[in-house]
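got a predicted structure plus its sequence, pasted below:
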Amino acid sequence: MVQLGLLITNRHRLLSVAAILDVFESVNTFCKEAGQEPAFNITLFSPEKEPAPFYGSYSMQSIENASAQNLILVPAFGAGDVKASIMANQMCISWLSEQHKNGAELASFCTGAFLLAAGGLLNGREATTHIDSAQALATNFPDVIMKSDAVVTDDRGIYTSGGATSSFHLMLYLIQHYCGKELTLRTAKMFAIDMDREQQTYFGTFSPSLNHGDGLVNLAQQKIEKEYQEGSTIETLIQDIPASRRNVVRRFKQAIGVTPIEYLQRTRIEAAKKLLAQTDQSVLEVMLNSGYNDLKSFRQLFKKSTGVTPKEYRDKFNIARLESSARLERRIAGTAY
């Protein structure tokens, strides 16, 4: 039986914990139905010295009294300041390091990767997190080998997952690792999980910081966001900024984590994504309205950024098409009775 510890971190995301417990308890139920012992002995741990005795129907233990675990799961943090969440869980870092040193495998879900990174556990290892938090992880922890488009990573006994539903893919990965393919397939069917997802890039949203405190960079951002549709080069867009190009690039990278050229490209791609999702403009019209003038180049840049072509993105996310498909499915369902 696998000794599975679920770390109930301060500021954890309730949905993340609920999903983890639901999936692994379901695997144990499958085992019992087959006349076998449960695959996982699930224990909940808290960083508090004297935690509340129960978390729902589960008993809680302090990490100070924890026995050796085979696998420890770190849930996602709730929305808000991730740095503050790390500070609120300092006691967990040394415990995770000690458990890993003693043979435990570690798995983080979504933004839970920040806690592993803060303890140096991801240094020199491949890791992923929520696509919208990937840049922050890479910037704050440069020794991590960031795989921002990955759904799941596995590097020498430490696992990470992307955001939201990517957590289910990591759980399936762990179930197959510890229990084999049959239980994995049964779990995937029960939770209706598409096992073929290979990347999460197209779920990302470019939301750059505007509160970094550098007025010159804010000026450059405003210039780019106002004039990105005009097809100008970055040199033209920042030529009126009262600083040398080298100084602008240096300060831009320091404040935001990307260069002005990257910022321009991501601003244009984000505009294209919105047009594909919210309008019926042709791909050519979307290209022109996003600041591009070469269709082949636009398609290549779009796929490099999102992992899918403009048409594939529209098929996945266009609101009108999704609503039309839903209405058609309801009509078909209505005629079946």
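Structure received.

can you tell me the helix or strand for Tyr159?
strand 158-161 (DSSP states H and E).

mind saving the C-alpha coords of that strand as CSV?
C-alpha atoms of strand 158-161 as CSV (Å, rounded to 0.1, in the frame of the first residue of the first chain):
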residue,chain,number,x,y,z
ILE,A,158,9.3,15.1,-8.5
TYR,A,159,6.2,15.7,-10.5
THR,A,160,4.4,18.9,-11.5
SER,A,161,1.2,19.7,-13.4
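
what are the pairing partners of it, and which direction each?
Strand 158-161 has its sheet partners listed here by DSSP bridges as strand 105-108 (parallel), strand 152-155 (antiparallel).

middle-most residue in the chain, spatially?
In the chain, the centroid-proximal residue (CA atoms, centre = their mean) is His130; its distance is 1.4 Å.

for that one, which non-adjacent residue is spatially closest?
Counting by CB to CB, 6 or more residues apart in numbering, Gly163 is the residue found nearest to His130 once chain neighbours are left out, at 3.1 Å. Bear in mind the C-beta positions are built from the backbone N, C-alpha and C, glycine included.

for that neighbour, give me the backbone phi and psi.
Note on Gly163: its backbone torsions stand at phi -80, psi 160 [degrees, to the nearest 10].

what about it, how many residues nearby?
Using other CB atoms under 10 Å, Gly163 is surrounded by 21 other residues.

same question, Ala107
Using other CB under 10 Å, Ala107 has 27 neighbouring residues.

which strand residues bridge it?
Beta-bridge partners for Ala107, by DSSP bridges, are Leu73, Tyr159.

wait, doesn't it sit right on Tyr159?
Yes. At 4.0 Å, Ala107 and Tyr159 qualify as touching, with contact defined as CB atoms under 8 Å.

what do the two both touch?
Leu170, Leu174 (CB atoms under 8 Å, 6 or more residues apart in numbering).

returning to what we had before: give me the contact list for the strand holding Tyr159.
Contact with strand 158-161 is made by 100, 105-110, 112-113, 116, 121-122, 125, 127-129, 151-153, 167, 169-170, 173-174, as judged by CB under 8 Å, 6+ apart.

starting at the chain centroid, how far to it?
Distance of strand 158-161 from its chain centroid, counting by CA atoms, centre = their mean, to the nearest Å, is 11 Å.

quick check: next helix or strand after that strand?
Using DSSP H and E, the next helix or strand after strand 158-161 towards the C-terminus is helix 166-179.

buried residues in that following helix?
166-176, 178-179 (16 or more other CB atoms under 10 Å).

ditto for stretch 142-158
The neighbour-count check on stretch 142-158 (16+ other CB under 10 Å) flags Val144, Met146, Lys147, Ser148, Asp149, Ala150, Val151, Val152, Thr153, Asp154, Ile158 as buried.

how about stretch 209-228?
Going by neighbour count (16+ other CB under 10 Å), the buried part of stretch 209-228 is His212, Leu216, Val217, Leu219, Ala220, Gln221, Lys223, Ile224, Glu225, Tyr228.

can you list contacts of it?
Residues outside stretch 209-228 that contact it (CB under 8 Å, 6+ apart): 208, 234, 237-238, 240-243, 248, 251-252, 254-256, 260, 263-264, 267-268, 271, 290-291.

again with stretch 180-191
23, 26-27, 30-31, 39, 168, 171-172, 175-176, 193, 195.

go on, stretch 76-87?
So stretch 76-87 is in contact with 9-14, 16, 109-112, 114-115, 118, 130, 133, 136, 163, 167, going by CB under 8 Å, 6+ apart.

list only buried entries from those.
Buried residues within the contacts of stretch 76-87, counting neighbours by 16+ other CB under 10 Å: 9-13, 16, 109-112, 114-115, 118, 130, 133, 136, 163, 167.

of the residues you listed, which belong to helices?
Ser16, Phe114, Leu115, Ala118, Ala136, Ser167 (DSSP state H).

pLDDT below threshold where in the stretch 51-200 of the chain?
195-200 (pLDDT under 70).

show me the strands in it, by range?
Secondary structure of the stretch 51-200 of the chain by DSSP state E, counting those that start in this stretch: the strands cover 54-55, 58-62, 71-74, 105-108, 126-127, 145-146, 152-155, 158-161.

paired strands for the longest one, with orientation please.
According to DSSP bridges, the neighbouring strands of strand 58-62, each with its direction, are strand 40-46 (parallel), strand 54-55 (antiparallel).

before we move on, what about the fifth one?
Taking DSSP bridges as the criterion, strand 126-127 forms sheet pairs with strand 145-146 (parallel).

pull the residues that contact the strand it pairs with.
Applying CB under 8 Å, 6+ apart, the external contacts of strand 145-146 come out as Gly124, Arg125, Glu126, Ala127, Thr128, Ala134, Leu137, Ala138, Asp155.
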